[in-house]
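Peer 1: Next comes the sequence, and after it the predicted model I'd like to discuss.
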Amino acid sequence: MIKFERKGREIVLDPAVSPASPLILLIEGEGEGAETARILTELGAKDHTLMSVQVPEWFRDLSPWPAEPVFRGEPPMTGGADDFLSEILREILPAGLAELSDPPAWIGLAGYSLAGLFALYAAYRTGRFSRIASVSGSLWFPGFLDYARAHAFRRRPDAVYLSLGDREARNRNPVMRTVEENTAALAGWYRGLGLNTAFQLNPGNHFREPAFRTAKGIRWLLDPVESGEPGGLDRAGGEAAPGD
C-alpha cells in the first residue's frame with residue numbers, strides 16, 4: 001500500500017499483484033476506500049489496482065454546475081467538478097501511475113453518492129476512463145438527466161454500472177424523489193445506445209452498506225457480463241441502517 005498527498009488530498013494506492021492489471025480510481029469521502037478494498041477481496045474480485053482519492057469538499061468538487069442545496073442547512077453546490085477533474089488528470093492520476101511498474105490494462109472511475117454523479121459526469125468530459133461505476137449516484141442532481149441525454153461521452157465506455165438503494169426514492173424532498181426514475185431512465189438510455197450497462201437495486205436507503213455496494217460495482221466493472229445483469233452479488237443477511 002502506498003500513501004501520498006496532492007493539495008491536501010490523501011491518496012491511497014493498493015497495487016495489483018500482476019503487472020498491467022486494470023486500475024480503478026475510487027473517489028471517496030471519509031476513508032471508506034480501505035473497507036471497499038477489503039470487501040473486494042471477500043468478493044473474489046479480479047486482480048486490480050485500487051487508487052482511492054479523498055474529497056473533503058464534496059459540494060464544491062463533485063457538483064457539475066452550481067445548484068441550490070436540497071436540504072436546509074447544507075451548503076450550496078458550487079460546480080467545481082471540472083476543476084477537480086483537471087486536477088485528477090494533470091496531477092493525481094499521473095502521480096499514481098508513476099508508482100506502478102507497468103501501465104494498467106485500462107482505467108475505471110467509481111464513486112458513491114455525489115462521487116457517483118461525478119464519475120458519470122467525468123465520462124462526458126474526458127476519455128481517460130473506459131469503465132464507470134456510479135453507485136447510489138446522486139442522479140437527482142438538477143439538470144443532469146437532460147445533460148446526459150443531450151451530450152455524448154468523450155469515449156464510448158466499455159461498461160457502465162448504475163445502482164441505487166430500493167428505498168432511496170422514498171424521500172420527502174421532491175428533488176431527491178426523482179433519483180430512481182432518473183437512474184432507471186439513464187440505464188435505459190445507455191442500453192439503447194448499445195452500451196453494456198448494469199442497473200442494480202440494492203436493499204435499503206442511501207446510507208446502507210456504502211462500501212459493500214461500491215465493491216459490488218467495482219467487481220462488476222472488472223468482469224462485466226455482456227447482458228449487463230450483475231447477478232450473484234447480493235449479501236445474505238446484514239444489518240440495515242437506521243431508517244431502512
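Peer 2: Sure, I can see it. Numbering: from 1, shown residues only.
Peer 1: where exactly do the strands run in this protein?
Peer 2: 2-6, 9-14, 23-28, 49-54, 66-67, 77-78, 107-112, 131-135, 159-165, 197-202 (DSSP state E).
Peer 1: Which strands and helices lie in contact with the first one?
Peer 2: Going back to what we said before, that points to strand 2-6. Where contact means 3 or more CB pairs under 8 Å, 6 or more residues apart in numbering; DSSP states H and E, strand 2-6 is packed against strand 9-14. Backbone N, C-alpha and C define where each C-beta goes, glycine included.
Peer 1: And for the fifth one?
Peer 2: Secondary-structure packing of strand 66-67 (3+ CB pairs under 8 Å, 6+ apart): strand 77-78.
Peer 1: can you give me how far the strand it packs on is from the chain middle?
Peer 2: Relative to its chain's centre, strand 77-78 lies at 19 Å (CA atoms, centre = their mean, to the nearest Å).
Peer 1: residues near residue 90, how many?
Peer 2: 10 (other CB atoms under 10 Å).
Peer 1: about what we covered before: any chance of the strands of the chain in a markdown table, with mean pLDDT too?
Peer 2: Formatted as a markdown table, the strands of the chain follow (pLDDT from 0 to 100):
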| stretch | mean pLDDT |
| --- | --- |
| strand 2-6 | 86 |
| strand 9-14 | 91 |
| strand 23-28 | 96 |
| strand 49-54 | 96 |
| strand 66-67 | 94 |
| strand 77-78 | 92 |
| strand 107-112 | 97 |
| strand 131-135 | 97 |
| strand 159-165 | 95 |
| strand 197-202 | 94 |
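Peer 1: Most tightly packed of these?
Peer 2: Mean neighbour count (mean count of other CB atoms under 10 Å) peaks for strand 131-135 among the strands of the chain, with a mean of 28.
Peer 1: For residue 36, see how far away the residue nearest to residue 3 when sequence neighbours are not counted is.
Peer 2: Closest residue in space to residue 3, ignoring its immediate chain neighbours: residue 12 at 5.3 Å, by CB to CB, 6 or more residues apart in numbering. Residue 12 sits 11 Å away from residue 36, going by CB to CB, to the nearest Å.
Peer 1: One more: residue 74?
Peer 2: To residue 36, residue 74 is 25 Å away according to CB to CB.
Peer 1: of the two, who's got more company?
Peer 2: Neighbour count, other CB under 10 Å: between residue 74 and residue 36, residue 36 has more, with 26 against 10.
Peer 1: Tell me which residue lies nearest the centroid of the protein.
Peer 2: With distances taken as CA atoms, centre = their mean, the residue of the chain nearest its centroid is residue 111 (2.3 Å).
Peer 1: That's all I had, so thanks and see you.
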